[in-house]
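# Sequence and computational prediction follow.
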Amino acid sequence: MNFSFEVVNTDPTGARRGRLATPHGTIETPVFMPVGTAATVKGMTQEALEELGANILLANTYHLYLRPGHELVRKLGGLHRFMSWPRAILTDSGGYQVFSLADLRKITDEGVRFRSHLDGSEQLLTPEKAVEIQLALGSDIAMVLDECIETPAPRDKAEAAVRRTTQWARRARHHFLEFATRNGNLGQRQFGIVQGATFSDLRRESARQVAELDFPGYAVGGLAVGEPHAMTCEMTGEVTAFLPRDRPRYLMGVGRPEQLADYVALGIDMMDCVLPTRAARHACLYTSEGRVLIKNARYAQDQQPIDPACACSVCRRYTRAYLRHLFAAGELTAAILATHHNVHFYLDIMRQIREAIEFGNLGKFSSEMHARYAAGPV
RNA sequence: GGACGGGUGGGUGAGUGGCUAAAACCAGCAGACUGUAAAUCUGCCGCUCCUUGCGGGCUACGGAGGUUCGAAUCCUCCCCCGUCCA
């Protein structure tokens, strides 16, 4: 199956209903991609993800490079076969680790030197290396290595990150096209990434520069890393206006349940976030009425499901009281059930968003979500 | 009956004269989490008062007395627990 993207519908807000075809299946967009950094969505099996209708997962270049190693994965038939995931995979480049492992790395124009958090060994990740690792993994979509910085950031730092991100994108693009031609590529596509922190002009400039490299898809990076939601939206809007309409747009690392529709309304087609899975492991459950902090004493005798309006298998079978007990007891099943529910909830939000775009009432959906989540934990 | 060892905040358990309302861990309560170094991290955790502060008062280290400016810490007696000897 060839890689292609088509916008099948738009609504007045600027939201797009689309279809992204990959070698591992066609994805209805806007889409939310559960994060499976180390070739697993923590707390979930691949069969469960398939049942929930996840059509694309995220995995991480840097983490899989360190362990088990991209060459091993290649030898074992690529990431899809290795982890037995027949649907699409997008691999992040390690750019986020530039941000999150700030105290363990050093950036130069050449690339990023990491001190491995696993064994302390020094590792060099370059734009070219990130390309090669991802080709070995065989993901459907490979991200270029970028420099992700915190927000708010000083102007000069943001400028430097944009300059380097563009420079790296150029190198990554060339290397990808050349290396793939020489060594074979089973249909992987490469996405560019826009940076620019919270500066509108830098965001626009970054978008313009990266778009020149003619990627089949574009990501907006470096957002939701400290700035307020309104700023995230403002910057996203600045960028999407400058990206080609016929290519998928991926807003990296977002968001909270009530924020997803906002990004979609700004023309975003793809999102990913660790929040549903991480929060689940930390006993934070997302529901149609807001967040449920299931460890709270108030749920000790609550015989309702997590979310009475939810159709997931966990809500059909287990009570809040039982979930609370599992968390209190430190049982692994707590994380498994909570993760299942939250991922279902996120994927269901996306289903509703896609439907809302078709019916032209995405704005209404968005304001309802915000209203329900405004009050804090239920 | 005797010899040792020991009794500390909900639990385990540090502390052997003032820096101790008393370490640490657990439990409990609450919160955070946005391209995952996260089954993690943070705060509170004797009672009480207020002008919420490195604030005041009270109570507290088995019990009762005592020494001392000052005691969970030293002394005396008593109670209880454990081990061993009769």
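Yes, it's here. Source: prediction; values computed, not measured. Numbering: from 1, shown residues only, chains lettered A, B, ... in the order given.
# need the contact list for A:Arg351.
The contact partners of A:Arg351, by Cβ atoms under 8 Å, 6 or more residues apart in numbering, come to A:Gly53. C-beta coordinates here come from the backbone N, C-alpha and C atoms, glycine included.
# Which strand residues bridge A:Met33?
Beta-bridge partners recorded for A:Met33 (DSSP bridges): A:Asp272.
# Any idea how many residues pack against it?
By other Cβ atoms under 10 Å, 26 other residues sit near A:Met33.
# Then A:Asp119?
Neighbours around A:Asp119, by other Cβ under 10 Å: 9.
# so where's the stretch 101-250 of chain A shaky on pLDDT?
The stretch 101-250 of chain A contains no residues with pLDDT under 70.
# what does it put close to RNA strand B?
Within the stretch 101-250 of chain A, the positions adjacent to RNA strand B are A:101, A:103-104, A:117, A:143, A:146, A:148, A:193, A:219, A:221-222, A:224-225, A:229 by Cβ under 7 Å from any atom of the strand.
# right, quick check: stretch A:254-271 against RNA strand B, any contact?
Yes. Contact between stretch A:254-271 and RNA strand B, assessed by Cβ under 7 Å from any atom of the strand, occurs at A:254-256, A:259.
# Helix, strand, or coil at the residue of the stretch 51-200 of chain A found nearest RNA strand B?
In the stretch 51-200 of chain A, no residue comes nearer to RNA strand B than A:Cys148, which is 2.4 Å away by Cβ to the nearest atom of the strand. Three-state call for A:Cys148 (DSSP: H, G, I helix; E, B strand; the rest coil): coil.
# related to what we said a few turns ago, now render the residues of stretch A:254-271 next to RNA strand B as JSON lines, adding secondary structure, pLDDT and neighbour count.
Listed next are the residues of stretch A:254-271 next to RNA strand B as JSON lines, based on DSSP: H, G, I helix; E, B strand; the rest coil; pLDDT from 0 to 100; neighbours: other Cβ atoms under 10 Å:
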{"residue": "A:Val254", "secondary structure": "coil", "pLDDT": "98", "neighbour count": "21"}
{"residue": "A:Gly255", "secondary structure": "coil", "pLDDT": "91", "neighbour count": "22"}
{"residue": "A:Arg256", "secondary structure": "coil", "pLDDT": "97", "neighbour count": "18"}
{"residue": "A:Gln259", "secondary structure": "helix", "pLDDT": "97", "neighbour count": "22"}
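# coming back round to it: gap between the nearest residue to the residue of the stretch 51-200 of chain A closest to RNA strand B once chain neighbours are set aside and A:Ile107?
Counting by Cβ to Cβ, 6 or more residues apart in numbering, the nearest residue to A:Cys148 once its immediate chain neighbours are dropped is A:Phe99, at 4.0 Å. Going from A:Phe99 to A:Ile107 by Cβ to Cβ, to the nearest Å gives 10 Å.
# quick one, which of the two is more surrounded?
More neighbours surround A:Phe99 than the other of A:Phe99 and A:Ile107, with 18 against 15 (other Cβ under 10 Å).
# list the contacts for the more buried one?
Contacts here follow Cβ under 8 Å, 6+ apart; on that basis A:Phe99 touches A:148-150, A:222, A:225.
# circling back: could you verify my assumption that the residue of the stretch 51-200 of chain A closest to RNA strand B touches A:Gln195?
Yes. Under the criterion of Cβ atoms under 8 Å, A:Cys148 makes contact with A:Gln195 at 7.0 Å.
# re the thing from before, so how many other residues sit close to the residue of the stretch 51-200 of chain A closest to RNA strand B?
26.
# Look up phi and psi at it.
When quoted as degrees, to the nearest 10, the phi and psi of A:Cys148 stand at phi -100, psi 130.
# Next: A:Glu132.
A:Glu132 has phi and psi values of phi -70, psi -40 when expressed as degrees, to the nearest 10.
# Secondary structure element holding the residue nearest to it when sequence neighbours are not counted?
Spatial nearest neighbour of A:Glu132, excluding adjacent residues (Cβ to Cβ, 6+ apart): A:Phe179 at 6.5 Å. Applying DSSP states H and E as the criterion places A:Phe179 in helix A:155-183.
# Same check on A:Gly196?
Using DSSP H and E, no helix or strand contains A:Gly196.
# before we move on, back to that, so how do I select the buried members of the residues of the stretch 101-250 of chain A next to RNA strand B in PyMOL?
Per 16 or more other Cβ atoms under 10 Å, the buried members of these correspond to this PyMOL selection:
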select buried, chain A and resi 101+143+146+148+193+219+221+222+224+225+229
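# May I ask which two of the residues of the stretch 101-250 of chain A next to RNA strand B are separated the most?
A:His117 and A:His229 (30.0 Å; Cβ to Cβ).
# Assign the nearest residue to A:Thr151 once chain neighbours are set aside to helix, strand or coil.
Distances taken as Cβ to Cβ, 6+ apart put A:Glu227 closest to A:Thr151, at 4.2 Å, once the chain neighbours are dropped. Here A:Glu227 is coil, with the state taken from three-state DSSP.
# any idea how far the most centrally placed residue in chain A is from RNA strand B?
Residue closest to the mean C-alpha point of chain A, counted by Cα atoms, centre = their mean, is A:Asp272 at 2.1 Å. A:Asp272 sits at a distance of 5 Å from RNA strand B (criterion: Cβ to the nearest atom of the strand, to the nearest Å).
# Surely that residue is in contact with A:Gly36?
No. Using Cβ under 8 Å as the test, A:Asp272 is too far from A:Gly36 to be in contact (9.8 Å).
# and for those two, which residues touch both?
The contact sets of A:Asp272 and A:Gly36 overlap at A:Leu58 (Cβ under 8 Å, 6+ apart).
# so the residue nearest to A:Glu132 touches A:Lys129, yeah?
No. Look at A:Phe179 against A:Lys129 with Cβ under 8 Å: they stay out of range, at 10.8 Å.
# Comparing these two, which residue is more hemmed in?
Using other Cβ under 10 Å as the criterion, A:Phe179 and A:Lys129 rank with A:Lys129 on top: 21 against 15.
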